[in-house]
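Undergrad: got a sequence here, can you build the structure:
(one chain, ligands or ions: 1)
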Amino acid sequence: MTLVLKNVTKQFGSHKAVDNLSLEIPESEMFGFLGGNGAGKTTTFRMILGLLDRTDGEISWNGERINYGKSHLIGYLPEERGLYPKLTVKEQLIYLGKLRGMNKSGVVKELESWLERFKVPEYMNKKVEELSKGNQQKIQFISAIIHKPKLLILDEPFSGLDPVNVEMLKEAVVDLKEKGTSIVFSSHRMEHVEELCEHLCILHKGKPVVQGSLRDIKRSFGRKNLIIRGDEDFAFLKDHPGVVSYKKYMDGCTIQIENEDVSQTIFSALQGKGFIRKFELEEPSLNDIFIEKVGASYE
Ligand SMILES: Nc1ncnc2c1ncn2[C@@H]1O[C@H](COP(=O)(O)OP(=O)(O)OP(=O)(O)O)[C@@H](O)[C@H]1O
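TA: Numbers count the residues shown, from 1 in each chain. Reported below is the predicted structural model:
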């Protein structure tokens, strides 16, 4: 069951919100969909789900067009959260589960098991408005997956959650992927994408500017990070040939270098200086790549 986008474009008046986007997301894949504010992510999600008409291009899942309202195989966690505050968690989920083709006892059984897993079994009969924002987020997540969708779109799923709950939701997302769900995942937190996604796309002003496997993207970026820790003042390295950027830390520095070879010349330059506790060459982070490709030019 592959999700395919071919040359998809969405125009609002004269503004191209999504510009000639092509993607392929196979079964059991977690795909990172990134971009600054206003890059076109939500617009793309809405087109995939059939909630918004595209201006041009083709979108298909398993060879067919998606009708989110009618499909029981799709799950969507939108960025703007929307639960009914006056309903209890159980009433809310029964309502949403029925829309997704489930019967009441099926919903209650699944809900019990998810609330247990998320360590909040006492929420079953609580009104949504009585829950904290982060806990409402867990309930909204459950509402997106209770019917075991085969395609799941998660827009910023971890926003507003504390680190313990982020880990809990991450594990749940990985389990769903391993059971065969294709997941499209958008986040402004690059470390989450690095941890969860093998393939990704970075959108900038509606256009894909980086696309492919995380490993290849990192390798082809060329630049590396050099982590140096020690008591010396390393500021003199700012002007060293091949140094792209320099970040000072209390116990050393992290330097972005043009390529691996620069680490050798820096290593030589450090000979005879103070005691070096750490000298480590790392692949660039996704954050480095994102900033380079998208810059600070948010909407
Ligand atoms: N209904 C609409 N009418 C006109 N312009 C729109 C509409 N919806 C979105 N846009 C514009 O399309 C562009 C992409 O918006 P979109 O919401 O898809 O961005 P996004 O990547 O999801 O951003 P964010 O990370 O801030 O949520 C923006 O310039 C936005 O102003």
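Undergrad: helix, strand, or coil at whatever residue of the stretch 51-200 of the chain ends up closest to the ligand?
TA: Closest contact between the stretch 51-200 of the chain and the ligand, by C-beta to the nearest ligand atom, is at Glu79 (5.6 Å). C-beta here means a position set from N, CA and C on the backbone, and glycine is covered the same way. Under DSSP: H, G, I helix; E, B strand; the rest coil, the three-state class of Glu79 is coil.
Undergrad: distance of the closest residue to it other than its chain neighbours from Ile146?
TA: Among residues not flanking Glu79 along the chain, Asp155 sits closest, at 4.1 Å (C-beta to C-beta, 6 or more residues apart in numbering). Per C-beta to C-beta, to the nearest Å, Asp155 is found 18 Å from Ile146.
Undergrad: tell me the confidence at the residue nearest to Glu79?
TA: With respect to pLDDT, Asp155 scores 94.
Undergrad: contacting residues for it?
TA: For Asp155, the contacting residues are 41-42, 45, 76-79, 186, by C-beta atoms under 8 Å, 6 or more residues apart in numbering.
Undergrad: equivalent analysis for Ile202, please.
TA: Contacts of Ile202 by C-beta under 8 Å, 6+ apart are 34-35, 208-211, 289-290, 293-294.
Undergrad: all strands in the stretch 1-150 of the chain, in order from the N-terminus.
TA: 3-12, 15-25, 30-35, 56-61, 74-77 (DSSP state E, counting those that start in this stretch).
Undergrad: outside of the shortest one, which residues touch it?
TA: What it means is strand 74-77. So strand 74-77 is in contact with 45, 49, 61, 66, 68, 140-141, 144-145, 147, 149-155, 157, going by C-beta under 8 Å, 6+ apart.
Undergrad: same deal with the third one?
TA: Strand 30-35 has contacts (C-beta under 8 Å, 6+ apart) with 23, 25, 41, 44-45, 173-174, 177, 182-188, 190, 193, 196-204, 214, 290, 294.
Undergrad: helix or strand for Glu280, which one?
TA: strand 276-282 (DSSP states H and E).
Undergrad: what's the burial count for Asn259?
TA: Using other C-beta atoms under 10 Å, Asn259 has 11 neighbouring residues.
Undergrad: roughly how far out does stretch 126-133 sit from the chain middle?
TA: Computed by C-alpha atoms, centre = their mean, to the nearest Å, the separation of stretch 126-133 from the middle of its chain amounts to 26 Å.
Undergrad: near the ligand, which residues of the stretch 51-200 of the chain show up?
TA: Within the stretch 51-200 of the chain, the positions adjacent to the ligand are Glu79 by C-beta under 6 Å from any ligand atom.
Undergrad: quick one: the residue of the stretch 51-200 of the chain closest to the ligand from Gly50, how far?
TA: Glu79 sits 18 Å away from Gly50, taking C-beta to C-beta as the criterion.
Undergrad: biggest helix in the protein by residues?
TA: Taking DSSP state H as the criterion, the chain has its longest helix at helix 163-178.
Undergrad: which residues does that one contact?
TA: Contacts of helix 163-178 (C-beta under 8 Å, 6+ apart): 28-30, 117-119, 134, 137-138, 141, 145, 152, 154, 157-158, 161, 183, 185, 192, 195-196.
Undergrad: which members of those residues are positioned in helices?
TA: Using DSSP H, these in helices are 117, 134, 137-138, 141, 145, 192, 195-196.
Undergrad: I only care about those residues that end up buried; give me the ChimeraX line for that.
TA: Restricted to buried positions by 16 or more other C-beta atoms under 10 Å, the ChimeraX selection for the ones in helices among the contacts of helix 163-178 reads:
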select :137,138,141,145,192,196
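Undergrad: so among the ones in helices among the contacts of helix 163-178, where is pLDDT lowest?
TA: Gly134 (88).
Undergrad: ok, that one touching Leu161?
TA: Yes: Gly134 lies in contact with Leu161 (C-beta atoms under 8 Å); the separation is 5.0 Å.
Undergrad: rewinding a little: just the buried residues out of the contacts of Asp155, in ChimeraX syntax.
TA: In ChimeraX, this line selects whichever of the contacts of Asp155 come out buried by 16+ other C-beta under 10 Å:
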select :41,42,45,76,77,78,186
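Undergrad: in terms of pLDDT, where does the closest residue to Leu115 other than its chain neighbours sit?
TA: Spatial nearest neighbour of Leu115, chain neighbours left out: Pro121 (4.8 Å); criterion: C-beta to C-beta, 6+ apart. Predicted confidence (pLDDT) at Pro121: the value is 92.
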